[in-house]
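S.K.: Sequence first, then the predicted structure, then my questions.
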Amino acid sequence: MSQQILEAVVKSQLKTDLPALNVGDTVDVHVRIIEGAKQRIQIFNGVIIKMQSQGISRSITVRRIVANEGVERTFKIHSPKVATIDIKRHGHTRRARLYYLRDRIGKKRRLRDRRRGLANLIVKTASAKKTKAATPPATDDNSENK
């Protein structure tokens, strides 16, 4: 009985308007900041380097660079302090945890775009196959003159 009550409370607290988040995505996390009686929204943008847990305790760790220093914040995505999460880019990754980004600086820190990167790869391989089929086999010009 108590388990059913707990599940009902948890289900009522879950957010339903969240986008499909993945590790490697560049996101804007809109966080509610309460200062005395005033409330404002602060945007924290960066790359998701880690996702953990499921359900109400699901959290993401977002990394960004401020004044050449890496800053990481962990957000509970179902928390009332998180107003919205906007996805800016989908990064192509092959890992679940992107801790190696901590050691990278400059342009090496960027992740390849998931949609564009894979589409370019497919287009390049298809065009390479067409050009191989379209070009005639190379012949030796000297052998014709003899």
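M.R.: The structure has been received and is ready for your questions. What you are looking at is a predicted structure, and each value in this text was computed from that prediction instead of being measured.

S.K.: what stretches of this structure score poorly on pLDDT?
M.R.: 116-146 (pLDDT under 70).

S.K.: Where do the strands of this structure begin and end?
M.R.: 26-35, 38-52, 59-66, 69-76, 82-89 (DSSP state E).

S.K.: Name the surrounding residues that touch the longest one.
M.R.: The one in question is strand 38-52. 21-33, 58-64, 71-73, 75, 83, 88, 91, 96-99, 101, 111 (CB atoms under 8 Å, 6 or more residues apart in numbering). (Glycine included, C-beta is placed from N, CA and C.)

S.K.: ChimeraX command for the buried members of those residues?
M.R.: Those of the contacts of strand 38-52 that count as buried under 16 or more other CB atoms under 10 Å are selected in ChimeraX with:
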select :21,22,23,24,25,26,27,29,30,31,58,60,61,62,63,75,91,98,101,111
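
S.K.: that older thread, okay if I get the strands of the chain as CSV plus distance to Gln4?
M.R.: CSV is the format used below for the strands of the chain (distance: least, CB to CB, whole Å):
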stretch, distance to Gln4
strand 26-35, 31
strand 38-52, 26
strand 59-66, 25
strand 69-76, 24
strand 82-89, 27
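
S.K.: The ones you listed: which one's closest to Ile5?
M.R.: Distance to Ile5, taken as CB to CB, is lowest for strand 69-76 among those, at 21.6 Å.

S.K.: chain center to that closest one, what's the gap?
M.R.: Put simply, strand 69-76 sits 14 Å off its chain's centre (CA atoms, centre = their mean, to the nearest Å).

S.K.: same thing with stretch 71-91?
M.R.: Distance, centroid of stretch 71-91 to centroid of chain: 11 Å (CA atoms, centre = their mean).

S.K.: got it, and stretch 48-66?
M.R.: On CA atoms, centre = their mean, the centre of stretch 48-66 falls 11 Å from the chain's centre.

S.K.: my guess is Ile77 contacts Arg58, does it?
M.R.: Yes: with contact defined as CB atoms under 8 Å, Ile77 counts as touching Arg58 (5.4 Å).
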